[in-house]
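J.: Any chance you can model this:
(chains A and B)
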Amino acid sequence: MATERYAVETRGITRVFESRKGFLFREKTRTEALKGVDLAVESGSIFGLLGPNGAGKTTLTKILSTLLIPTGGRAEVLGHDVVAEAEWLRPRIGLVLGGERGLYNRINAKDNLRYFADLYGVPVAERERRIDEVLARVDLSWAAERRVEEYSRGMKQKLHIARGILHRPQILFLDEPTIGLDPKSARETRKLIRSLVGDGVSIFLTTHYMFEAEELCRDIAVLTKGRVVAHDSVPGLRHLVGGDRTLEAESHGFDDREVESLRHLPGVSKVVSEEYGPWLRLTLRVRTSETTPDDVRGALPGHPDLMVRERQTSLEDVYLDLVEEEAA
Amino acid sequence: MALPTTHVSRARSTSASFRLSILQFLADPQWLIPSMIAPIIFGLVSFELFRSAGPYYLTYAILGAGMMSMWGQTLYGSGWATGQDRTWGTLEPTIQSPTPYLYVVLGRVLWNVVSGLIGGGIVYLVVVAVAGGPPSLPNPVGFVLLFLFVMVSLAAVGVVFAAFYVYTRYAGFIQNIGEFAFYVGTGCMFPVVLLPFWAGPIALIFPPTWALDALRYNSIPGYTGFSWGYSWDLVGAVATTAAYAAVAGSIFHRVERHVLEEGSLDEY
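T.: I've put the predicted structure just below:
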């Protein structure tokens, strides 16, 4: 199925979680986390997976990194089946789940990395050099001998990343890598991620930060309720939701007739109204350059407080449109 | 960029896990209680319990307290460490590594054996100090060898117990319920023959029962344990230990597969 062109390829991946709770575990719950996910991620690129909480991002990441067996479908990473060939894949995969857990807190960063270097079979002769290298790369050399329990959330996140790249993986799965990082550290982490791609590593990134995905990713998929609802480049996604340009009109109120008149302006694919405080904002997705802010002003006479502005449709706009459409 | 290493030495993984256990032991002062302080208390209590048990009371006292100390370190510690991996969230990255988890557990069990031996040594020194001299052992070499074998038999059970900790987050709960029943049932403090008749067959499932009876036969002249005697105790100990080792070797692969199917690795 997969060729070397793809770092990740999935066909109809499903995952159902069943759990029991209550008295004597009699109450059975069934959650369908993934409902047939088809994806193809090109090698040597940064791929972004976006989705609201509970969409199934972490579940998919765990399946692809051999930590979870899918209920149905087939997934290949680096051209190898994640279930049948997990043993082959594990030394070639890096996984960063992040968070406060996942590290041995009572010992220092170097000892944490030594342990995992041994489990990953990093050559003994290279181990110490490699540990120093990854600690320097995540800017933690200065805290290498400190116990992890003394680390801040951001430092722990960096140590997770250091562990993920310690064994020089061919593909790195990053589950919300900049969560909890201060802006400077987050920027450095994004720089690090870009440099890894320069080293030939394929990156599979899940994030809630749209600007991060927009800045880093060549291709992006949006996952909601266990389904991929869109998968394209950022410009492709903009086109998908109805336009590169967004016009916003704000005033103290618009009537239905006015809103309807905006829908009929040339190139307008979508009009969404949103209240905030005493204001009402109309957001227009515009496919062409035919409709200008002046056209909008012309369609909304009798609003002395009217403000109209134009901007490029952001990934956040795209994301919200897709997620809201799916929810509707 | 160099390709990642694809072969991971099992011995290296076990040694890494052993080293990590030592580091964690040294980093956490709470371990002093079970490994250093508890053996002193067990030695003193056991000495008082057995002081009227005849001429070989010192051996009884050392074996009773020594086993009590080692039981916790070697058997319980092995499973507990895996439970800690769950709590700390380190089970997922460890399972995701190319090393089969069995070899990580083996490293921990190895450390727990060493730690158990330290506890046993402390018990010996305490009892000898209180009694004013060492016990008389008819066969000191046999005593040492059998003592080590008891550790191995406890370790074999410990590895199987560790698999339960991977299997379910409730393993600790189950082990807590069975802890003292197992301790008494395998004859750690008192010979199994002193227990009700129905307890015997259950106790024989566990390797330490056989190994401990053999150790008592070897060390206490006139000891009356299982009717089949010393030699069959040894056979039973070796056979049950081998059986547990075989179960441990095969169970981990299945348990790992099960938790990957269930998706329960991150539950704690």
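
J.: Residue numbers of chain B in contact with chain A?
T.: Taking C-beta under 8 Å from any C-beta of the partner chain, the part of chain B that reaches chain A is made up of B:1-9, B:12-13, B:15-17, B:19-20, B:23-24, B:27-28, B:88-90, B:92-99, B:104, B:257, B:260-261, B:263, B:265. Heads up, the C-betas are built off the backbone N, CA and C, glycines and all.

J.: 7 Å - rerun?
T.: Chain B has residues B:1-2, B:4-9, B:12-13, B:16, B:20, B:23-24, B:27-28, B:88-90, B:92-99, B:260-261, B:263, B:265 near chain A, with proximity defined as C-beta under 7 Å from any C-beta of the partner chain.

J.: any idea how far the closest residue in space to residue A:72 that isn't next to it in sequence lies from chain B?
T.: Spatially, and ignoring its direct neighbours in sequence, residue A:72 is nearest to residue A:14 (4.0 Å; C-beta to C-beta, 6 or more residues apart in numbering or on different chains). Residue A:14 sits 13 Å away from chain B, going by C-beta to the nearest C-beta, to the nearest Å.

J.: hey, what's residue A:14 bridged with?
T.: With DSSP bridges applied, residue A:14 shows beta-bridge pairing to residue A:35, residue A:72.

J.: Counting neighbours, what do you get for it?
T.: By the criterion of other C-beta atoms under 10 Å in any protein chain shown, residue A:14 has 16 neighbours.

J.: Which among the residues of chain B next to chain A count as buried?
T.: Buried residues within the residues of chain B next to chain A, defined by neighbour count using 16 or more other C-beta atoms under 10 Å in any protein chain shown: B:4-5, B:8, B:12-13, B:16, B:20, B:23-24, B:27, B:88-90, B:92-99, B:260, B:263, B:265.

J.: picking that back up, for the residue nearest to residue A:72, give me its contacts.
T.: A:34, A:35, A:36, A:70, A:71, A:72, A:73 (C-beta atoms under 7 Å, 6 or more residues apart in numbering or on different chains).

J.: Quick one: buried ones out of those residues?
T.: The buried subset of these - by 16+ other C-beta under 10 Å - is A:34, A:35, A:70, A:71, A:73.

J.: Closest one of these to residue A:152?
T.: Within the buried ones among the contacts of residue A:14, distances to residue A:152 taken as C-beta to C-beta reach their minimum at residue A:34, with 33.6 Å.

J.: ok, so of the contacts of residue A:14, who is nearest chain B?
T.: The shortest distance between chain B and any of those, using C-beta to the nearest C-beta, involves residue A:71 and amounts to 8.6 Å.

J.: is it true that that closest one touches residue A:18?
T.: No - between residue A:71 and residue A:18 there is no contact, the gap being 9.6 Å when judged by C-beta atoms under 7 Å.

J.: number of nearby residues for residue 42?
T.: No chain was given, so I picked chain A. Residues within reach of residue A:42, counting by other C-beta under 10 Å, total 14.

J.: should've been chain B
T.: For residue B:42, the neighbour count with other C-beta under 10 Å is 25.

J.: which non-adjacent residue is nearest it?
T.: Closest residue to residue B:42 apart from its sequence neighbours, by C-beta to C-beta, 6+ apart: residue B:65 at 3.9 Å.

J.: pretty sure the one you found contacts residue B:46?
T.: Yes - contact criterion C-beta under 7 Å: residue B:65 and residue B:46 qualify, at 3.5 Å.

J.: Which one's more surrounded, these two?
T.: residue B:65 (31 against 27).

J.: Residue B:212 is in what secondary structure piece?
T.: Following DSSP states H and E, the helix or strand that holds residue B:212 is helix B:207-219.

J.: residues making contact with that helix?
T.: Around helix B:207-219, the neighbours that count as contacts under C-beta under 7 Å, 6+ apart are B:59, B:63, B:67, B:137, B:139, B:142-143, B:146-147, B:149-150, B:153-154, B:156-157, B:186-188, B:191-192, B:203, B:223, B:225-226, B:229-230, B:233-234, B:236-237, B:240-241, B:244.

J.: the helices in chain B, which residues?
T.: Per DSSP state H, chain B carries helices over the ranges B:10-27, B:32, B:38-50, B:57-70, B:77-88, B:91-96, B:101-131, B:140-167, B:171-185, B:199-203, B:207-219, B:229-262.

J.: got a list of what the residue of chain A found nearest chain B touches?
T.: Among the residues of chain A, residue A:101 lies closest to chain B, at 2.8 Å counting by C-beta to the nearest C-beta. Taking C-beta under 7 Å, 6+ apart as the definition of contact, the neighbours of residue A:101 are B:88, B:89.

J.: helix/strand/coil for it?
T.: In the three-state summary, residue A:101 is assigned as coil, counting by DSSP: H, G, I helix; E, B strand; the rest coil.

J.: Next, count neighbours for residue A:177.
T.: That count, for residue A:177 with other C-beta under 10 Å as the rule, works out to 28.

J.: Alright, that wraps it up for me.
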